[in-house]
Structure formats: C-alpha cells, structure tokens
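Student: Structure of the sequence below:
(2 chains, ligands or ions: 2)
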Amino acid sequence: MNADAGELAIDVRGLHKHFGDKHVVNDVSLQVRRGEIFGFLGPNGSGKTTSIRMMCGLLTPDAGSGTCMGYDIVRQADEIKRHVGYMTQKFSYWEDLTIRENLDFVARIYEMPERRALVDRTLEELGLASRAEQLTGSLSGGWKQRLALAACLLHQPKLLLLDEPTAGVDPTARRDFWEELHTLAARGISVLVSTHYMDEAERCHKLAYIAYGRLLAQGTAAEVIARQNLSTWTIEGDDLMALSQRLRGQPGVDQTVAFGAALHVSGRDGAQLETTLRDAVAGSSLRLAPADTSLEDVFIYMMGRSADNFGAQS
Amino acid sequence: MKWRGFSVARWWSVVLKEFLQLRRDRITFGMIIGLPIVQLALFGFAINTDPKHMPTALVIADHSEFSRSYVAAMKNSEYFDIIGELPSEEAGRAALARGEVQFVLNVPAGFTRDLLRGDKPALLVEADATDPMATGMALSAVAQLGQYVARRDLTGPLATLRGGEPPFEVRVHRLYNPEGNAQFNTVPGLMGVILTMTMVMMTGLAMTRERERGTMENLLATPVRPIEVMTGKIVPYVAIGLIQASIILLAAYFVFQVPFAGSLIAIYLAALLFIAATLTVGITLSSLAQNQLQAMQLTMFYFLPNILLSGFMFPFRGMPQWAQYIGNVLPLTHFNRLIRGILLKGSGWADLWPSIWPLLLFPVVVMGIALRFYRRTLD
Ligand SMILES: Nc1ncnc2c1ncn2[C@@H]1O[C@H](COP(=O)(O)OP(=O)(O)O)[C@@H](O)[C@H]1O
Ligand SMILES: [Mg+2]
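Tutor: Ligands and ions are numbered 1, 2, ... in the order given. Modelled structure (predicted):
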C-alpha cells in the first residue's frame, strides 16, 4: 500500500494477456529493485509493450498480480499513475503544442505546485530551454525523446517505465540519454527500460529477456550468460558464409552467427565444439580463437530455442 | 478544488490545451466561418409541402347551425383537426403562442344575427404563420370553405341567403409572420442546423484524434479523469458555437431582414443551451467511435434525422406520427421551436418551457452514456 514499503520497485508475478486467441504475454514475473536500471529485452512483437502497459495499469492482466511502487497494478491504477513515469513507445505528446506548452499541460494535469518554476527548471535540466517555444511536431527524434523524458519526470516519480526510448534516435543522443538514466538511478530512481539494442543491455544493472511472450532469462548480464552454459569461438578469414553453412548441424555446434568480419560459433558441449572447429579450420588460412560468450550470442541462442519450442504455436 | 475526485485544475488544463490546439488548426477555423455562410446561401430557397391535420382550436361566441356546418367543412378539408373549444379570443392567442395549436377559428358574438340582417359579418381565422409552408395551403382552403358553406349548407332560416355572393367574409390573421415570408422561418432554423453540423463534427473528432495520434495512451497514463477530459474538450467549442450563432443572427437581421421580436439575451441563452446539448452528442459519438472515419459516419448518421425530422426541412405537423416521436427526442426540434418562438413570436419563458426542459435533460443523459463508454484502459 505504501509507496515506501519494500525494496522492490516492481514486483509482478504470473502475468498473462491474450488478444483474441493470441497469447501475447505468457506467465511473466519480474522483480526490479529500487535504484536499479532494469533492461527489458526482446525482439519486436515479443510482448514488451503489453507487459509494461499491464505494470502501469493501462491494461488489465488476464491472470497474475503484482505491485508497482507498492501499489496494486489492478486495483490501484490511479495511484500508480500518480507515482510512476511512463514513456510510451510511440511519441505521444501533442505535436501542435510547443515543448513548453506540453510540459505545462503535464504539470497542470499532475497539479504540481509552483508549476512555472518547475517547468523552467525541467527545460533547463534536460537541455530543452533553447527550443522551448518550438512546435513539437517539427522536432527530430532525439529532441522528441528528450521532451518525452522530461515530461514523464515532471511529476517526480520514483519509478520510470520507458518503452523503447532510444528507437529511432541517433547514437550521440542515445549515449546522452543513457548517461541521464544513470544519473537518475544514482538519485534513487528505479528504471525499467525496454530496448532491442544489445549494447544498451550491457548498460543495465539487470535485465530480462522475453520472446513469444515468455520470459526466457532474468538477472545480471553475467548471470544470464553463465546460465546458458555456452562456449563460444570466433573464426576470422575468407568465405565465412560457406563455412557457416558447413558447420551447421555438426556435432557440438548449436549456433553460428556472423558478426562483421568474424563468425561466432557457440555450443553447450565445449569439448565437442572445440574438436569440430579444430578439424574444420585445419589446413586452411582461417584463424580460430576462443572467445567470451556475449549477451548477443546468448539472446540469439535463446531466441532460436524458443522459436523451436513455442514459435510454431503462436 | 475537488468534488468527488473532479479536479478543476486538471479540467482547466484540458480546456487550455484544447484552446491552444484549436488556435493552430487553420482548417477548423475556416470551417467555423465558412460553413454558416455556405449554408445560408444554399438554403435561401425552401422546400414546399402541404401538411394536413393541423391542430385547430375554436372560439365560438355564437353557436348556430352555421358555425356547426362551417366547422364540419373545416374538418372535411382534412387540413384541420379540431382539438377543442376555448373560452375567449385571448385563450386562443395564448394557445397559439405556446404552439399548441396552429389555427384558431373565431366566430364572433351575434354572427348569425348579423348574417340574417345581411351585414356581411366576418369569421376570423388566426394562424401561427411562423412556418408559412405549414399554413399556406390551409389558409387558402379557408377562403374556399366560406364559398362552399355559403352555397351548400345554409338551410332553415338561413336558406334565403344561399346562392350568389357569400353573405359573410372570412378574415385571416397571419400571426408572427404576416407576409408569409419563408426565409423568416428558414433562417432561424438554419442556426440550429449549422450548429448541429459543426458542433457534432468537430467534437466528434476530438477523442478519436487523440486515439489515432497515440496521445490517448499518454492521457490515460496521467491522473486526469474521463469527465474532466470530456467536458474540458467541449468548452472551446461553446465559444465557437456562439461565434457561429452570431454570424447567422447578423445575416438574419441585415441580409434576410428577419424580425427580432424577442430579446437578444433569450436568443443567446437558447443557443447556449442547444450548443451544450449538441456538444455532448459529439463527444459521445467520439468516445464510441474507433477511428476518425467512424466518427464522421456517426456524425452523418446523427445529422440526417436532425435535418429531416426536426421541423427544419418539413413542417413538423406534416410528418407522420412515428417521425414526430423521433423528432421530439432530437435537440434540434426543440431548439427550432425555441428560436422561432423567441425571434418571431417574442414568446416568454413560460411559453417556451416545453422546449427548454428537453434541452436541459438531453445533455445529462447523453453525457452519462459517454462516460460509460470512456475506456480508462487500453483493453
Ligand atoms: N491492442 C492489441 N490488440 C491486438 N493485438 C495486440 C495489441 N497490442 C499488441 N498486440 C500484439 O501483441 C503482440 C505483442 O505486442 P507488443 O507488446 O507491442 O510487443 P513489443 O512491444 O515487444 O514489440 C504483437 O504480436 C502485437 O501485434
Ligand atoms: Mg513495443
């Protein structure tokens, strides 16, 4: 009941959601600690947005329960709205209002005291002051994203739910954005951020991976990687595509992925994998080296396995 | 300030936002000014019809064979439905003002005596000529009835008067619109039609626009309440409605020379009431519709019966009973009665009350429906 109770900012268990006969979210449980940046990863259509909407009371789960900042996600949607900042995936501020007008509207809706000063301060802090009087519709993606962040911080929430905030934003703006998130986390604000950029996953304290509506892994990056128990090797050289074709299905090889100039080959049986690979490169100019399994290798691996298991039925 | 969770501050924030957005929306602004002008031009001519069975009251100070046969002839003509007898000429006038009857037949005291003396006495038919289309044919029938009755029905002691020129005259008083000017009726009627069209159309898009632009999700994620959003969104359109009403009133006065019998304040109060009722319809359609196209279709669906069954296009009394039932549910019907009553008859509040209370009740009921359909989640 109390926003200060407990150390979990988000605690949801067994969430389910169907749209028609499509099981879009299937038994999702998530725990996010206070002050944590929690990455919510998964390919498009895997159910990230739907899960987030259930957490902030915008969708009613078909089954399951949970709390956000101590408030029940089904019965206390009004409280959650007041104490949680939600940034929608699609930009959802008014394009025919200026940046300042948008912020002013949001501040009024939340009935913030000393509204003018608050809006001015927010414009200043998020570097929006120079464009305050510009119509939102004419802004680029990076500026829109900054406005959206400013607007959902305006009522000083202790928890942010950010749905793919960096989609369609240039790399510099993305870097600035993540810096901002870490500053916020340092101030004790919890953040759940969904993304499909792998490099962003590594900037999160914890992460969860969802595919076909099911949560496949949860924990720190190191934990997620370790749990899959994969060994990975890189191969560099010429004609890697042909090699990749040849390796598929061979003993010990569970996955081959091309990363730029190198081929990543992973498998759960480390010894068998090594034997197969050494045979494959013997007598050629290909360079073989052991590598750390990356998050991306793991996600691709989990994705492939869940496609085999559940992909066909959805 | 809060009342049962209703926050004036949040409501006001919605109002301000709508005003800002409206100010930047040139197309809507053009429509606000353009629509009344185009419609006023288009409806310069009116459609003629021939309604029958119009309620008629009798004020008979001289009961005689003659008055009976004249009344019988009126009934036979099918234009008049005799709904009863009233005690005095004043009572007849009052019934006309309230719109209860369309005609009053006055047979003055001593009519038969004067007839026998050959003094050519006069029957008086008073008509509510607000809508000249409704009364025109009936009134020309009245004159012919005189001839007919004179020729056929003068019997007994009156038989000597049969044949030749009718020994009495029929005087017709067209009340409220003596020249039977169709525009006097059409132009005030246009006010309601134009307001219906623009008010419903513009607010009809108000909620669906938020939904289609994705901003609805944002609104839903804030603490703002449905009632605050809905009522906040219609406030700017009240102002717009009053601007449109003013344009039409100016045209009515200066271009069409419609007489202004009632007070301007009464006209604006009536307009305000009607605008509020119509806006709630728009916002309700908007919360029912899934997208803007659906909202437009619903708007047309609402607009058609209003045009056809409100007494704007066809005289209300000329419509079949079932159509009158439908018509009586529509706010435009009541507004038409109000505005014609005020402008042409100079009617007072007591006379207008039968048209006022439906306009007060209507928005309350409709808003209730709208709030039921406002989805607070995205489910
Ligand atoms: N309102 C809805 N009605 C029907 N299907 C929906 C709705 N919202 C999402 N979906 C479907 O649910 C699946 C998951 O969508 P979403 O949660 O948006 O995934 P993500 O955010 O991970 O891309 C998709 O297949 C999408 O088409
Ligand atoms: Mg999404």
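Student: any weak-confidence spans in the stretch 201-314 of chain A?
Tutor: Scanning the stretch 201-314 of chain A for pLDDT under 70 picks out the ranges A:310-314.
Student: if we go to 50?
Tutor: A:312-314 (pLDDT under 50).
Student: And residue A:260, how close does it get to residue A:237?
Tutor: 13 Å (CB to CB, to the nearest Å). To be clear about C-beta, it is placed using only N, CA and C from the backbone, and glycine gets the same treatment.
Student: So which of these two has more stuff around it?
Tutor: residue A:237 (15 against 6; other CB atoms under 10 Å in any protein chain shown).
Student: What does that one show for phi and psi?
Tutor: phi 140, psi -160 (degrees, to the nearest 10).
Student: ok, and the closest non-adjacent residue to it?
Tutor: Leaving aside its sequence neighbours, residue A:237 sits nearest to residue A:286 (CB to CB, 6 or more residues apart in numbering or on different chains; 3.7 Å).
Student: ok, the residue in chain B that chain A sits nearest to to residue A:254 distance?
Tutor: Using CB to the nearest CB, the single residue of chain B nearest to chain A is residue B:13, 3.3 Å away. Remark: distance between residue B:13 and residue A:254 (CB to CB) = 56 Å.
Student: Between those two, which has more neighbouring residues?
Tutor: More crowded of residue B:13 and residue A:254, by other CB under 10 Å: residue B:13, with 24 against 18.
Student: show me where the stretch 201-314 of chain A has helices.
Tutor: A:221-228, A:240-247, A:270-281, A:295-309 (DSSP state H, counting those that start in this stretch).
Student: Let me fix that, I meant to ask about the stretch 151-300 of chain B.
Tutor: B:182-213, B:215-220, B:226-254, B:264-288, B:292-309.
Student: Reformat these into TSV and put mean neighbour count next to each item.
Tutor: Shown next, in TSV, are the helices of the stretch 151-300 of chain B (neighbours: other CB atoms under 10 Å in any protein chain shown):
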stretch	mean neighbour count
helix B:182-213	24
helix B:215-220	21
helix B:226-254	19
helix B:264-288	23
helix B:292-309	17
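Student: Nearest residue to the middle of chain B?
Tutor: The centroid of chain B falls nearest to residue B:336 when counting by CA atoms, centre = their mean (1.7 Å).
Student: Which residue ranges make up the domains of the chain?
Tutor: Went with chain A since none was named. Structurally, chain A divides into domains by automatic domain parsing as follows: A:35-50+A:77-224, A:231-292.
Student: Hmm, no, I was thinking of chain B.
Tutor: B:54-175, B:182-376.
Student: can you tell if the longest one touches ligand 1?
Tutor: Right, the one you point to is domain B:182-376. No. Figure legend: domain B:182-376 not in contact with ligand 1 (CB under 6 Å from any ligand atom); closest approach 10.7 Å.
Student: Give me the neighbour count for the residue of the stretch 251-379 of chain B found nearest ligand 1.
Tutor: The stretch 251-379 of chain B approaches ligand 1 most closely through residue B:378 (6.4 Å), counting by CB to the nearest ligand atom. As a burial measure, residue B:378 scores 15 neighbours (other CB under 10 Å).
Student: secondary structure element for it?
Tutor: Using DSSP states H and E, residue B:378 maps to neither a helix nor a strand.
Student: Identify the residues contacting it.
Tutor: Taking CB atoms under 8 Å, 6 or more residues apart in numbering or on different chains, we find residue B:378 in contact with A:53, A:58, A:59, B:217, B:220.
Student: so which helix or strand takes in the residue nearest the centre of chain A?
Tutor: With distances taken as CA atoms, centre = their mean, the residue of chain A nearest its centroid is residue A:194 (2.4 Å). Residue A:194 is located in strand A:190-195, with elements delineated by DSSP H and E.
Student: Report the strands that pair with that strand, each with its relative direction.
Tutor: When pairs are called by DSSP bridges, strand A:190-195 turns out to pair with strand A:37-41 (parallel), strand A:159-163 (parallel).
Student: and the closest residue to residue A:269 other than its chain neighbours, how many neighbours?
Tutor: Nearest non-adjacent residue to residue A:269, counting by CB to CB, 6+ apart: residue A:252, 4.9 Å away. Around residue A:252 sit 19 other residues, with neighbours defined as other CB under 10 Å.
Student: Distance check, residue A:252 against residue A:230.
Tutor: Taking CB to CB, one finds residue A:252 at 11 Å from residue A:230.
Student: Overlap of the contact sets of those two?
Tutor: With CB under 8 Å, 6+ apart, residue A:252 and residue A:230 have common neighbours residue A:267.
Student: before we move on, the earlier item: next one: phi and psi at the residue of the stretch 251-379 of chain B closest to ligand 1?
Tutor: Note on residue B:378: its backbone torsions stand at phi -90, psi 0 [degrees, to the nearest 10].
Student: how about the residues of chain A that lie near ligand 1?
Tutor: Counting by CB under 6 Å from any ligand atom, chain A sits next to ligand 1 at A:19, A:24, A:42, A:44, A:45, A:46, A:47, A:48, A:49, A:50.
Student: Repeat the analysis, applying 5 Å as the threshold.
Tutor: A:19, A:24, A:44, A:45, A:46, A:47, A:48, A:49, A:50 (CB under 5 Å from any ligand atom).
Student: Relative to residue B:202, how far out is the nearest residue to residue B:209 once chain neighbours are set aside?
Tutor: Leaving aside its sequence neighbours, residue B:209 sits nearest to residue B:292 (CB to CB, 6+ apart; 6.6 Å). Between residue B:292 and residue B:202 the computed distance is 12 Å (CB to CB).
Student: circling back to that earlier point, okay if I get the strands paired with strand A:190-195 as JSON lines plus mean pLDDT, mean neighbour count and distance to residue A:114?
Tutor: Below are the strands paired with strand A:190-195 laid out as JSON lines (pLDDT from 0 to 100; neighbours: other CB atoms under 10 Å in any protein chain shown; distance: least, CB to CB, whole Å):
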{"stretch": "strand A:37-41", "mean pLDDT": "95", "mean neighbour count": "25", "distance to residue A:114": "29"}
{"stretch": "strand A:159-163", "mean pLDDT": "96", "mean neighbour count": "24", "distance to residue A:114": "22"}
